[in-house]
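In: Sequence and computational prediction follow.
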Amino acid sequence: MDNEPTANTSTGLLAGKVALITGAGRGIGAAAARLFAREGARVLLAARTEDQLKSVTQEVRAAGGTADYVVCDLADADSVRAAVDRTVNRYGRLDIAFNNAATTIPPGPLDQVREADFDHVHAVNLKGTWLAMAAEVAAIRATAGTGAIVNNSSVGSLRGNPELPVYGAMKRAVNSLTESAAITYGPEGIRVNAVAPGTTLTEMIRAWNDATPGIVEHLNALTPLRRAADPAEIAEAAAWLLSDRASYVTGTVLRVDGGVGA
């Protein structure tokens, strides 16, 4: 169905696979789009902002990869299902998915979180991930037969998170969905894992640093590697989990945190 060239299809980590990436317009998702395509996957980028999606798609194509995009709002069930359908219609199958998209709210204690903000984070970070997983499992089952899903969590989900309590709670729930799905779909050959990034230089962390000046420097001081991650470093971990080289790994929440959780 697709006549565009695919980079590194014979030797790449994700050679021959079709990948859906949410939140692919910037940050970790955009880094994943570039990396997955370099590693041989045909990628379908999904996010809310079309200009960003176009830019990343063009960049992937210019580098010799195969990419397309669809505008998608994870808070809208029909939009999520349409993104998965678009992937199958475009490339004929779905093998792997990286559920990376997320939103956050201003940092602060639990009692200062507005109900509308709580509902929005729930709709995108938890319900949206659940919707995507359900649609992806159905598509993998109907086309590729077996495959893998990786959800983007956070080290902030692995312990108390007083600065971002609602964000941390939703990501902890994503961990639970990940583990439950791994048990449910493992017998079918569908693996489900998560990555839990530490401090990563995305727009989200920069916004947090703007709201709380010095927070990145503080977090780096608590990190054994003494620095924040580049988004591409998180994408590398997701790529490995999605690849056949991680064929016996499922139900894992993999810390990619510079050692902060050690």
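Out: Good, I have the coordinates.
In: so residue 122 touches residue 170, yeah?
Out: Yes: the criterion here is CB atoms under 8 Å, and residue 122 meets it with residue 170 at 6.2 Å. The way it works is simple: take the backbone N, C-alpha and C, and place the C-beta from them, glycine included.
In: out of those two, which sits in the busier spot?
Out: A side-by-side neighbour count of residue 122 and residue 170, using other CB atoms under 10 Å, places residue 170 first with 26 against 16.
In: helix/strand/coil for the more buried one?
Out: At residue 170 the chain is in helix, as set by DSSP: H, G, I helix; E, B strand; the rest coil.
In: Look at it and report its pLDDT.
Out: pLDDT for residue 170: 97.
In: how close does it sit to residue 61?
Out: Distance of residue 170 to residue 61, given as CB to CB, to the nearest Å: 34 Å.
In: What backbone torsions are found at the residue nearest in space to the middle of the chain?
Out: Of all residues in the chain, the one closest to the mean position by CA atoms, centre = their mean is residue 100, 1.9 Å from it. When read as degrees, to the nearest 10, the backbone of residue 100 gives phi -100, psi -30.
In: if I look at it, how far off is residue 24?
Out: Taken as CB to CB, the span from residue 100 to residue 24 is 7 Å.
In: Next, show the common contact partners of those two.
Out: Both residue 100 and residue 24 are contacted by residue 32, under the criterion CB atoms under 8 Å, 6 or more residues apart in numbering.
In: Name the helix or strand of the protein that has the lowest mean pLDDT.
Out: Least confident element among the helices and strands of the chain, by mean pLDDT, DSSP states H and E: helix 203-211 (a mean of 82).
In: tell me what that helix is packed against?
Out: Applying 3 or more CB pairs under 8 Å, 6 or more residues apart in numbering; DSSP states H and E, one finds that helix 203-211 contacts helix 215-221.
In: And for the helix it packs on, what's in contact with it?
Out: 107, 163, 198-199, 205-206, 208-209, 226-228, 260.
In: let's see it at 6 Å
Out: Helix 215-221 has contacts (CB atoms under 6 Å, 6 or more residues apart in numbering) with 199, 208-209, 226-228.
In: in its sheet, what does the longest strand along the chain sit against?
Out: Ranked by residue count under DSSP state E, the longest strand found in the chain is strand 190-197. The strands beside strand 190-197 in its sheet (DSSP bridges) come out as strand 147-152 (parallel), strand 253-256 (parallel).
In: Make TSV out of those strands and add mean pLDDT.
Out: As requested, the strands paired with strand 190-197 are exported to TSV (pLDDT from 0 to 100):
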stretch	mean pLDDT
strand 147-152	98
strand 253-256	98
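In: On the three-state scheme, residue 70 is what?
Out: Three-state call for residue 70 (three-state DSSP): strand.
In: in which helix or strand would I find the nearest residue to it once chain neighbours are set aside?
Out: Closest residue to residue 70 apart from its sequence neighbours, by CB to CB, 6 or more residues apart in numbering: residue 86 at 4.4 Å. In this assignment (DSSP states H and E), residue 86 forms part of helix 77-91.
In: quick one on the thing from earlier: using neighbour counts, pick out the buried residues of the least confident helix or strand of the chain.
Out: In terms of neighbour count (16 or more other CB atoms under 10 Å), helix 203-211 has its buried residues at 204-205, 208-209.
In: Residue 18 and residue 89, how far apart?
Out: Going from residue 18 to residue 89 by CB to CB gives 11 Å.
In: Same drill for these two, tell me which one is more crowded.
Out: Using other CB under 10 Å, the more surrounded residue of residue 18 and residue 89 is residue 18, with 27 against 12.
In: Look up which residues are beta-bridged to the more buried one.
Out: Residue 18 forms beta bridges with residue 42, as assigned by DSSP bridges.
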